[in-house]
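Visitor: only the shape, not the letters, is given here:
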């Protein structure tokens, strides 16, 4: 899934009280784990920025640093709690469970790759469910296919299926605020829409070769977001297979915006009234009390 998976790493860190959105991270230009050196998308001097801003910039190294403190058991547990590596049981024939190796089979470099969304595979529905859980105040429900949806809501809608808490309400609120920072101040700016507060995340992942080891030159770009972020009504996931431009910020994010513009009108979603209290990365930086 690429960087859209960084929110799961953040969930493990916040839920375990291991990191805080306003915490200052020291992020070098590279980070080595075993025999692999990780970099951010662009070369940069050492950053001293908040964790919220690191997510907004989609920093691989910032996420990997936090993941080392989270640890393998806690990270793997959070991935499973969000439903990754498991079928959603939506009732669609041939649904894939994705790929998430048991933690005991992870490679030496997996604590660098998996926190940033490499080395695992997910379906669009699985990653949409992750963000829907965050939008739903930390409670996951089993997705279902409805006949149609209109101004009055879904048709043939029933009670929520198998509701269970994945993260606390407080953690979910912090994650939503961090995702607002991505759209307001970071890589998700092209998903912004006047009058509505949007929380979401960009992601780009290289496509693996079929029947062979390694990757092709193609990528999959993704944007997953929720609207309005202060009280989400819906979540949308846009996944583009092998687009001409290898940047989700200029492919999937604008497509998400087009969908949102249609849906908010169709469902009569009122405009946002105010920013969440802890919202953007710049506010987290201003309020940080850590060195």
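Guide: The structure has been received and is ready for your questions. No experiment lies behind these values; they were computed from the predicted model shown.

Visitor: could you pull out the helices for the stretch 151-291 of the chain?
Guide: Secondary structure of the stretch 151-291 of the chain by DSSP state H, counting those that start in this stretch: the helices cover 169-185, 252-266, 281-287.

Visitor: same question but for the stretch 1-150 of the chain, I mixed them up
Guide: Listed in chain order (using DSSP H, counting those that start in this stretch), the helices of the stretch 1-150 of the chain are 6-15, 51-56, 60-70, 72-81, 110-113, 124-135.

Visitor: for the fifth one, give me every contacting residue.
Guide: Surrounding helix 110-113, the residues in contact under the criterion C-beta atoms under 8 Å, 6 or more residues apart in numbering are 31, 33-34, 36, 38, 64, 67-68, 72, 75, 101, 107, 119. All C-beta spots, glycine's among them, are computed from the backbone N, C-alpha and C.

Visitor: how about 6 Å then?
Guide: Where contact means C-beta atoms under 6 Å, 6 or more residues apart in numbering, the residues beyond helix 110-113 that reach it are 33, 38, 64, 67, 119.

Visitor: could the residues you listed be laid out in CSV, adding distance to residue 11, neighbour count and pLDDT?
Guide: Converted to CSV, these look like this (distance: C-beta to C-beta, whole Å; neighbours: other C-beta atoms under 10 Å; pLDDT from 0 to 100):
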residue, distance to residue 11, neighbour count, pLDDT
33, 21, 17, 98
38, 21, 18, 98
64, 16, 21, 99
67, 12, 25, 99
119, 18, 18, 93
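
Visitor: which stretches of the stretch 1-150 of the chain have low pLDDT?
Guide: Within the stretch 1-150 of the chain, the set of residues satisfying pLDDT under 70 comprises 149-150.

Visitor: for residue 70, give its distance to residue 77.
Guide: Spatial separation of residue 70 from residue 77 under the definition C-beta to C-beta, to the nearest Å is 10 Å.
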